[in-house]
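In: sequence-free structure coming up:
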């Protein structure tokens with residue numbers, strides 16, 4: 001079993017974008033868990049590679065995402081801890097592949113929408129990453145400090161999140177208006 005170091009933060013970013021649709025028409029859970037792969041790819045080109053949805057063995061909804069964050073190829077297995085119309089809280093122990101080899105990190109993806117008025121809402125895309133013990137050993141083995149890895153992940157993760165957030169909001173908006 002992978003041990004998560006929740007006392008350490010690799011990266012933490014949150015960005016906001018407007019959705020030009022009433023909150024009552026927004027369904028983030030439905031959007032996320034039925035997102036076509038091509039639409040996922042359009043939300044952060046060229047970083048987003050593949051996406052799909054499945055369930056865990058015990059039936060919890062799961063979003064699978066393959067993407068580049070900086071120079072790392074991420075295979076994310078997001079399990080829905082909350083999957084509601086206006087809020088999804090997704091947790092993944094993600095595989096990360098770098099030029100130095102593979103490791104694992106925990107990524108917490110929080111997607112939410114909040115009413116701003118009768119015809120608009122604000123989307124928030126929040127991503128928090130924690131190292132695993134395996135990742136810390138990987139850093140030590142390759143002569144990197146946690147601080148150095150966290151600086152690199154923060155820069156790459158924030159840049160990625162900044163670019164995908166408005167595209168996610170636009171995609172959620174299109175889905176809401178199609179209802």
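Out: Looks like it came in fine. It should be emphasised that the depicted structure is a prediction, and the values quoted were computed from it without experimental measurement.

In: And the helices in the chain, which stretches?
Out: With DSSP state H, the ranges of helices along the chain come out as 28-33, 37-42, 133-141, 146-178.

In: which of these is buried the deepest?
Out: Here the criterion is mean neighbour count by mean count of other CB atoms under 10 Å, and of the helices of the chain the winner is helix 28-33, at a mean of 20. For the C-beta atoms, the positions are set from N, CA and C on the backbone; glycine is no exception.

In: Which strands or helices does that helix pack on?
Out: Identification of packing neighbours for helix 28-33 by 3 or more CB pairs under 8 Å, 6 or more residues apart in numbering; DSSP states H and E yields strand 61-69, strand 72-83, strand 87-98, strand 101-117, helix 146-178.

In: For the helices of the chain, give me TSV that also has distance to residue 64 and mean pLDDT.
Out: Rendered in TSV, the data for the helices of the chain read as follows (distance: least, CB to CB, whole Å; pLDDT from 0 to 100):
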stretch	distance to residue 64	mean pLDDT
helix 28-33	11	98
helix 37-42	10	97
helix 133-141	20	96
helix 146-178	16	97
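
In: Work out which residue lies at the spatial centre of this protein.
Out: Among the residues of the chain, the one closest to the centroid is residue 109, at 4.3 Å (CA atoms, centre = their mean).

In: Would you confirm that that residue contacts residue 157?
Out: No - taking contact to mean CB atoms under 8 Å, the distance of 11.1 Å between residue 109 and residue 157 leaves them out of contact.

In: who wins for proximity to residue 83 among the helices of the chain?
Out: Put simply, out of these the one that sits nearest residue 83 is helix 28-33, at 4.1 Å, with distance taken as CB to CB.

In: How about residue 81, nearest residue that isn't a chain neighbour?
Out: Computed as CB to CB, 6 or more residues apart in numbering, the closest residue to residue 81 that is not its neighbour in sequence is residue 89, at 4.7 Å.

In: What score does that neighbour have for pLDDT?
Out: Per-residue pLDDT puts residue 89 at 98.
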